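Novice: quick one: sequence and predicted model below, then my questions.
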Amino acid sequence: MIQFNVFICDDNPAYLQEVTVAVKQSTIILSDEQRTFDILKTTTNYSELLNYISTHKTQNNIYFLDIELQQEKNGLDLAEQIHHLDPKGQIIFVTSYQKFAFLTYQRRIDVLDYILKTLPKVEFQQRITDTLTQAIDNLLKFSQDKKEIFTYKIGSHIYQISLDSIYYISTIKNSHSLALITKEGSSYFRESIKNITKQYPTLIKVSQSYLINYKNISDINLKDRIIIFTNNDSIPYSLRYQKVIKKLKSN
């Protein structure tokens, strides 16, 4: 399960509420078994948002910002600060005036979209949903590039989960399918252990039948050659991989 964090900043409380409601509606539409959303912070204050991001060191977030903040600094200044703290963060400006769009290009601020508050309600909601969808796609791509996301296919459907949620992957006897055991449950898909090993080097091969995520190991029984995971599942490992296992055990 992947969680996307959302932040909203508008110095007008009425507009802040309006944007928050629209974003919440879009997150309900877009949430499924593979992804969820958490609106971590809604605020009318520029500094409050920056302090939260800086203190919690949260990364790869989605930001809905007003440009015309009637404060010491405006939304453009805020966006620049956010990019400094969260380089891959997805910034969406929600504003009343089209004329400010040019300033984002002039100051070379990387903005995903520019949504007018004056749009009809249905169109405004759809624009929020479409832009949020694009933000998710961008963040997943960044994560995939960093090999933090595991991608697999079942039929014509493509699924993506956090590598950290994987306990292990195993072959299925008399089948060309694999079993994917994660913190969210089990899935079954067609692929080879060999191909996955090449694509995801952080998953460690411990036999011809198993790949494991060492981060989710709770214990290793060297005598009986058994790996025990934090969900209490246990699997055997091959004598051939004893050196690898001993290294894991020592760490």
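Specialist: All right, it came through fine.

Novice: my guess is residue 2 contacts residue 31. True?
Specialist: No - in this structure residue 2 lies outside contact range of residue 31 using CB atoms under 8 Å: 10.7 Å. (C-beta placed from N, C-alpha, C; glycine too.)

Novice: quick one: name whatever helix or strand follows the host helix or strand of residue 178.
Specialist: Assigned by DSSP states H and E, residue 178 belongs to strand 177-182. Per DSSP H and E, the first helix or strand lying C-terminal to strand 177-182 is strand 185-190.

Novice: hang on, the earlier thing: residue 2 and residue 31: which is more packed in?
Specialist: residue 2 (18 against 13; other CB atoms under 10 Å).

Novice: ok, what's across the strand from the more buried one?
Specialist: Under DSSP bridges, the beta-bridge partners of residue 2 are residue 35.

Novice: burial of residue 221, as a residue count?
Specialist: Residues lying near residue 221 (other CB under 10 Å) number 14.

Novice: so what's the residue lying closest to it once chain neighbours are set aside up against?
Specialist: Sequence neighbours aside, residue 228 is the residue nearest to residue 221 in space, at 6.9 Å (criterion: CB to CB, 6 or more residues apart in numbering). Residues near residue 228 by CB atoms under 8 Å, 6 or more residues apart in numbering: 217-221, 234.

Novice: go with 6 Å
Specialist: Applying CB atoms under 6 Å, 6 or more residues apart in numbering to residue 228 gives the contacts 218-219, 234.

Novice: could you do residue 213 as well?
Specialist: Contact analysis of residue 213 by CB under 6 Å, 6+ apart lists residue 166.

Novice: helices or strands up against the host helix or strand of residue 63?
Specialist: Residue 63 is part of strand 62-65, with elements assigned from DSSP H and E. Counting by 3 or more CB pairs under 6 Å, 6 or more residues apart in numbering; DSSP states H and E, the packing neighbours recorded for strand 62-65 are strand 2-9, helix 75-85, strand 90-95.

Novice: can you give the distance from the second one to the centre of its chain?
Specialist: Just to be clear, that refers to helix 75-85. Counting by CA atoms, centre = their mean, to the nearest Å, helix 75-85 is centred 21 Å from the centre of its parent chain.

Novice: tell me the buried residues in it?
Specialist: The neighbour-count check on helix 75-85 (16 or more other CB atoms under 10 Å) flags 75-79, 81-83 as buried.
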